[in-house]
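> please find the sequence and the predicted model below.
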Amino acid sequence: MKLSSNSILKKTLFLLLLLITFFNTSSQTTVGSGSYTTNYPGADSAGRNGFPSGAPQTSGNAATKPVPTNDWWSTLIKSNHADNLFNYPMTMKTTDNGLIVTYIPWGPIGDSSPIEIGLENLSTTKTTVSNFSDWTVTMNWNDGTNEMEATSGIGMPFLYFSKNTNATVKINIKSGNVSISNEMITIENAVNGADFVIYAPTGSSWSKSGTIYSSVLNGKNYWSMAMLPQSTTNVNSVAQEYKKYAYVFPTETTTNWSYNASTSKVTSTFAVTTDVKEGSNSNVLLGLLPHQWANLATNSANPSGYSYQNVRGEIKTLEGNEFTVENTFRGILPTLPNLSQYSNSFKPHELNAKIASIENDGLATWTDSYNEGQVMNRLIQTARIANQKGNIVARDKIIATIKERLEDWLSYQNGEVAFLFYYNNSWSTMLGYPAGHGQDNNINDHHFHWGYFIHAAAFLEQFKPGWASQWGEMVNLLIRDAASPNRNDDTFPFLRNFSPYAGHSWANGFATFPQGNDQESTSESMQFASSLIHWGTITENDEIRDLGIYIYTTEQTAIEEYWFDMYKRNFQSNQQYSLVSRVWGNSYDNGTFWTSDITASYVIELYPMHAGSLYLGHNTNYVQTIWDELKQYTGILNPNDTNPNLWHDTIWKYLSFLDPDEALNLYDLSSNRTLKFGISDAQTYHWLHTMKALGKIDATITADYPIAAVFSDNGTKTYVAHNYSDNQITVTYSDGFQLTVPANQMATNRGNAISGIIEADKTQTSIGGTINLTVNTSANGITKVEFYNNDVLLGEDTAAPYNYSAANLTAGIYGMYAKIYTSSGFNYTNVINIQVGDQKPYNNIVHAIPGIIEAGHYDEFEGGVGQNISYFDASVNNEGDFRTTEYVDAITVANEGATVGWISAGEWLEYTINVQSSGCYALKMRFASGNSNEGGPIHFEIDGQKVSDDIRFNATGGWNNWNSKTVNIELTQGTHILKMVVDQGEFNIGKMEFTTNGSSCPVAQENSLPFDFETFPKTSDFNNFDGGTTTVETVTSPQNNGNSSTNLAKIVRNGGQPWAGSYVNLTNPLNFSNNKYITLKVWTEAPIGTKMQIKLEQQNGNSAFALVTNTTVSGNWETLFWDFSQLGASPYDKLVFMFDIDKVGDGSNTSTFYFDDVQQTNTLNTPIFSIDDTRIYPNPVKNKLVIQSNKNEIQKVEIYSLLGKKLKVINQNFKEINVEDLSSGLYLLKVYSENQSFTTKILKE
């Protein structure tokens, strides 16, 4: 069959459309239950979400591999030239004409350029990376005619050069005493006392013209250069001695490691593959750094050559192509064991209260990948302790919080711009959005950030077994991004952050500072390693476990050498402090990236402190040194010190490795300290008391299982292990001790079998009442059980069943628990809170309705502080001056009465009211809001049922500028508890005046999502601007293909401005706390990739927020998504449609957009709620209408006149809707489920 040109064109366009659609949809890469995007998702409202600019500066073999970053030479990969190449011992700088070689003992290279290696007429615009291996890099200069390469490696005193055949070597020697001896050039005292030798192939000759030395290399294409040891006295002699290494070129360097669990030894073998250019020698000259030569294996080759003095200390040289380092892994734990009871000052009820203060905390919707990790860690450490203490409710609350957010991060949905991962193919890296600290633009700190996420993943798998089978591969991608153990990984570079030869990680993706690359927080680098150990062990992935152990043990040796100088052999004599906070390529200092305060220099090397940080306590002599300095140089001994860099808890936990009693004393004196962001008071309390019970870490004893440790207290040893497996194991320690550890549990050799649960017959009673307590325990050999209220002994029972009756109780909150004794020790049960006494109206005066309630006159508890009884306040101090013994921040304001301020999300207040008669009441509230984005919302509940809409408060221009707002609220006659619930804060509340407003509140026409255009909005509800016109129309062809609605909306853009559109004013602001997406269906003939913007604005305010997503089809319906999750409960009550943003429309089909079913949803996989899944009968209906759905839970039904007037709202009993009061005729019926709805017609007989 012959096709017409028109047919061919149509088929070609169709195939092109399919391809474009395929590539767009495939940007979401599914990995188990998780996913990430390979298309840049766009910036958020703050302009965040970046990625590295430009393209990698690679060539040759390097261009075929994933792009390496975070190395000593990483400036080369991003910039045309690098001036911060420090390989130990030499310093290098690339130029258009070649390589400058110098020696800078400390700091940046500056303008030092004693020797420049190049070729005649070589002139390039950039130097590329043509190859690299574990600790070497090959640089390439290529101007199209001349080509030169130079290879340099860490610790290598030689540089290795090659050129193209016809090129002539040109060396510009600007300083030093130069001598030519056949093929050798020696440069004595070239710079800073350093001597250099250049080796051409045997038989070569050099010509000299001024400072230029040239050679054709006797027809060869290779030469090398060496820096001689600083101790050299006879340059010619050492130059001749070094000549045998000059023609052995390294072609590849590799580091391979293995972990022997039975011996706890980690063996790292460093090997060089060589290309011998000439001569009989086949060995290179390697320089070993202190963390290497101090830990060589017994079977390793040893350095016996000259030494170099360097910023990293003494570099010892070894003739050979291989050496082996052996380190010992001394174990980590998920948390300290449940032994705090052996601290004589430990109080279970106090720990329980600290857990309670955090268990309801959420995670911020406005954050970044680094801060998110810190807060998750704070919650995780608390949850582990709650689990130990039997507080399963608190534990599970935190698990749910972590699980929801982590899964959000680990999954991507089209249109979202927050809580997602984006793989940038150009730079071979995974970026997390929103990012922080250059994690995106500069590929900084991936090991820091991902370490928190991986730690959270291990936590979830521990308490939600099987979670890893769904989400684990996404977690493994993060591990590969920061530290892929596979050199053949086609997606990520080998060990991105960790430098196997330097022995530690580098944080800066592109080494952007003159001093070279850097790393600040070694403790967060170690946390990354510990997270791999936990994750690898719990998922039974030995490769990841061993990778973590390799990094952990190796980096510990580097930290102890270069950050701590624990053995007094590396710091310069003028270094004042016994640690540094930043190690640079060619220096170190005590600054941080946010302050020069010396206090910060200490704490950044210790934070975060948890049971993966036990390495910090291995050397207690060093802990003593640092503690002495902390006392001298910081305010740690002053309980009133308010320095924000004084992270008390971190320092106390570090001190507990040495002196837990002193740490506890300081803790008790500093109850009013400001907690550092990311720190849990509950964890600090638990840690200090547990360390007091354990004593010091015994690093001389290891175990054949990685999640284990040993502590010693005056000779009494505590053996600890946590078994992540599903089977009981026996852990054998190096001193011969064996510990049996049940499946999925932690065990110690102290009181393992002692446990119990306390229960009460009720948790609330009146004054004078009785509470019956029972302890259930399976422990053997119990001698007695003591019952406590807080720390007061109530009584004991010596025989099962273990009971106690607490009678004649006075008012108060009782923290009741029991202490179970056996002949081998004791342990505590969980703590249960008992409320004795009732909630009472303030001053025993019930608030009469109608009447006025002052906000500060909330109910009181007759047993004391009313927290969690008559109110909940997020802070445990009163910022005001009214009812100062309570936590509510109440303050007396002239003419406003007892007001409440400093209000935050999650707080609530209760008031006892007596309603004179049922009906509608107008509630006039006095409020102030100094937040330009407005305050609230709040809502009211009666006896647990919501009785008001969400209420927001406009900005008033100041926290003491008071305005009024009136809303309707339906109340029922009688005495009730009225609860004001704060969904979001940012307002002050004053008097609340209730006045009667009729027998029932009028049903308001609510302008809110979803929009189905059957009843709302109508054409008149749209406000057009700047060339945009929206109408609501009947669905006709071709838009009826794929859309069964009756009506839809149409925007036509014709002239005006590039931002033309229409908006709808909403009754209430949009809340994205639960339903984070806005979705809609759209049909347009505009080209694929058209930018579709939804903008959120305030009707009374200047704040706005906009997101853009692109169309993926043309001439068909598709569903688009916008992710507003970062806004939470937003202040925005205006929904603006700006389709084809940035272009001026012309009124044609490509400037016309049909859209329908605008709604909010909490997932992009929400099943469609439609009339097809719902039964509505009888229709016609006379008295009772029945609505049923087997697929969806119906939540609300609205009945409208055909003119769109809302007549009835039904919120329950959908199987028996009374319509007798309706006149005969046709009506519109709108049925809601979740955030979806459909509209149909019913006939009333």
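Good, I have the coordinates.
> contacts, neighbours, all on C-alpha from now
Noted.
> report the buried residues of stretch 893-901.
896-901 (16 or more other CA atoms under 10 Å).
> turn the residues you listed into JSON lines, including secondary structure.
Converted to JSON lines, the buried residues of stretch 893-901 look like this (DSSP: H, G, I helix; E, B strand; the rest coil):
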{"residue": "Glu896", "secondary structure": "coil"}
{"residue": "Gly897", "secondary structure": "strand"}
{"residue": "Ala898", "secondary structure": "strand"}
{"residue": "Thr899", "secondary structure": "strand"}
{"residue": "Val900", "secondary structure": "strand"}
{"residue": "Gly901", "secondary structure": "coil"}
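> tell me the one among the residues you listed nearest to Tyr370.
Gly901 (30.6 Å; CA to CA).
> please look at the closest one and Asn960 and confirm they touch.
No - Gly901 lies out of contact with Asn960 (CA atoms under 8 Å); the separation is 10.1 Å.
> ok, back up a step: dump the buried residues of stretch 893-901 to JSON lines, plus distance to Glu372.
JSON lines is the format used below for these (distance: CA to CA, whole Å):
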{"residue": "Glu896", "distance to Glu372": "39"}
{"residue": "Gly897", "distance to Glu372": "40"}
{"residue": "Ala898", "distance to Glu372": "37"}
{"residue": "Thr899", "distance to Glu372": "34"}
{"residue": "Val900", "distance to Glu372": "30"}
{"residue": "Gly901", "distance to Glu372": "27"}
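> which of these sits closest to Gly320?
Within the buried residues of stretch 893-901, the smallest distance to Gly320 is 72.3 Å, found for Gly901 (CA to CA).
> can you pull the contacts of that closest one?
Listed by CA atoms under 8 Å, 6 or more residues apart in numbering, the contact partners of Gly901 are 880, 889-891, 987-989.
> cool, and Lys126?
Lys126 neighbours (CA under 8 Å, 6+ apart): 79-81, 95-96, 141.
> one more time with 6 Å
Counting by CA atoms under 6 Å, 6 or more residues apart in numbering, Lys126 touches 80-81.
> and what of Val1219?
Shown in contact with Val1219 (CA under 6 Å, 6+ apart): Asn1183.
> ok, now how distant is it from His976?
According to CA to CA, to the nearest Å, Val1219 stands 31 Å off from His976.
> what's around Gly536, how many residues?
By other CA atoms under 10 Å, the residues close to Gly536 number 21.
> you'd agree it is in a helix?
Yes - under three-state DSSP, Gly536 falls within a helix.
> show me the contacts for it.
So Gly536 contacts 542, 544-545 (CA under 6 Å, 6+ apart).
> Met1092 is in contact with Thr1111, isn't it?
No - taking contacts as CA atoms under 6 Å, Met1092 lies outside contact range of Thr1111: 7.1 Å.
> who's in contact with the host helix or strand of Leu406?
In this assignment (DSSP states H and E), Leu406 forms part of helix 392-409. Helix 392-409 has contacts (CA under 6 Å, 6+ apart) with 359, 383, 386-387, 419-420.
> mind listing what's buried in it?
Buried, per 16+ other CA under 10 Å, within helix 392-409: 394-399, 401-403, 405-409.
> likewise for stretch 913-925?
For stretch 913-925, the buried set under the neighbour-count rule, 16+ other CA under 10 Å, comprises 913-916, 919-925.
> farthest-apart pair in these, please.
Gln916 and Met925 (19.8 Å).
> wait, what's in contact with the residue lying closest to Phe1011 once chain neighbours are set aside?
Of all residues not flanking Phe1011 in the chain, Val1158 sits nearest, at 4.9 Å (CA to CA, 6 or more residues apart in numbering). Residues counted as contacts of Val1158 (CA under 6 Å, 6+ apart) are 1010-1011, 1079-1080.
> Asn1162: which of these is nearest?
Thr1079 (10.2 Å).
> helix/strand/coil for that closest one?
Three-state assignment for Thr1079 (three-state DSSP): strand.
> check the closest residue to it other than its chain neighbours and give its pLDDT.
In space, and not counting its chain neighbours, Thr1079 is closest to Phe1121: 4.6 Å by CA to CA, 6+ apart. In this model, Phe1121 is scored at 91, pLDDT.
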